[in-house]
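**Student:** After the sequence you'll find the predicted model.
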Amino acid sequence: MTGAILGDIAGSRFEFSKPSGFNYKKVELFGNNCFFTDDTVLTIATKYALLNDVSYAKAYGKFGRMYRDVGYGTMFQRWLDGHAETGYGSFGNGAAMRVSYIAYHFDTLEKVEEEAKNSAMCTHNHIEGLKAAVATAGLIYLALHGERKKDLKKYFNKEFEYPVHKPLWAYRPKAKFDATAEGTMPLAFRCFMESEDWESCIRNVFSVKCDTDTVACIAGGIAGAYYKRTVENEKDLLKRYLIKPDKRKVGEFDRFLYDWATK
């Protein structure tokens, strides 16, 4: 799941703007203005839920209230404030970005898909929210178990009816920020399909105007599983960027998040 967390961190600074003269092929992958977002927090919360045998809803509530200022959507903020444990019909991409650990925890595709659905139900219980979570976890599981890209493509298209043929060059001219599951999933998958390694996958995300941190989290999770690596210094990067949100200016390391990310 490190591929998902580092994808979130790498994509964080380009979500709403990119500097003049931006070159996605040459820009530094991780900069001083990178930071983790809700995608990282809830990805780790999923792992926490499974290793502590608590419900996904309780884990998301616990982590969400521990880490308030990390970019949650308005509906999830209300869910946290109400201490809710039932879904609010979201069709956003939030359930897909947090499921990567599920693919590592369970032994069969069927169980991974079932648990991904369960993890989404407490918030993203719209059909599109559920579908995106299940597809993401399924892709990561298949990638971990050695399936080829053409097999992942078939699974993504046949099982979930997501479009798979639109190339990245066709996305770029009219691309826009889109936090829906339906808008996110085909793009994230395409960023992975046109990659040669984890880094090129993330750079593909940089090349398109989008919900950059979440697209990079989803695509990075798939790529990390498929290529079996992210970057050589991944633990050093986690230590660099897993900084307490209220202490980012002074750089106080968040041991709790790091330990759960690497446990």
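**Tutor:** Looks like it came in fine. Note that the structure is predicted; figures quoted are calculated from it, not measured.
**Student:** Now do the residue nearest to Y104 when sequence neighbours are not counted against A137, distance only.
**Tutor:** Spatially, and ignoring its direct neighbours in sequence, Y104 is nearest to M1 (6.5 Å; Cβ to Cβ, 6 or more residues apart in numbering). Just so you know, the C-beta spots here come from the backbone N, C-alpha and C atoms, and that holds for glycine as well. Using Cβ to Cβ, to the nearest Å, one gets 11 Å for the distance from M1 to A137.
**Student:** if you count what's nearby, which of those two comes out ahead?
**Tutor:** A direct count of neighbours by other Cβ atoms under 10 Å for M1 and A137 places A137 higher, at 33 against 26.
**Student:** Chain neighbours aside, what residue packs nearest to the more buried one?
**Tutor:** A116 (3.6 Å).
**Student:** would you say the one you found is within a helix?
**Tutor:** Yes: assessed by DSSP: H, G, I helix; E, B strand; the rest coil, A116 belongs to a helix.
**Student:** Let me see the mean pLDDT of the longest helix anywhere in the chain.
**Tutor:** The residue-count maximum for a helix in the chain (DSSP state H) belongs to helix 127-144. What helix 127-144 shows for mean pLDDT is 98.
**Student:** Extract the C-alpha set from the next helix or strand after that helix and format it as PDB.
**Tutor:** Next in sequence after helix 127-144, counting helices and strands by DSSP states H and E, comes helix 149-154. C-alpha atoms of helix 149-154 as PDB (Å, rounded to 0.1, in the frame of the first residue of the first chain):
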ATOM      1  CA  LYS A 149      -1.800  -5.800 -17.900                       C
ATOM      2  CA  LYS A 150      -4.000  -7.300 -20.600                       C
ATOM      3  CA  ASP A 151      -5.700  -9.400 -17.900                       C
ATOM      4  CA  LEU A 152      -6.100  -6.400 -15.600                       C
ATOM      5  CA  LYS A 153      -7.600  -4.500 -18.600                       C
ATOM      6  CA  LYS A 154     -10.100  -7.300 -19.200                       C
END
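**Student:** and helix 149-154, which residues are buried?
**Tutor:** Residues of helix 149-154 classed as buried by neighbour count (16 or more other Cβ atoms under 10 Å): L152, K153.
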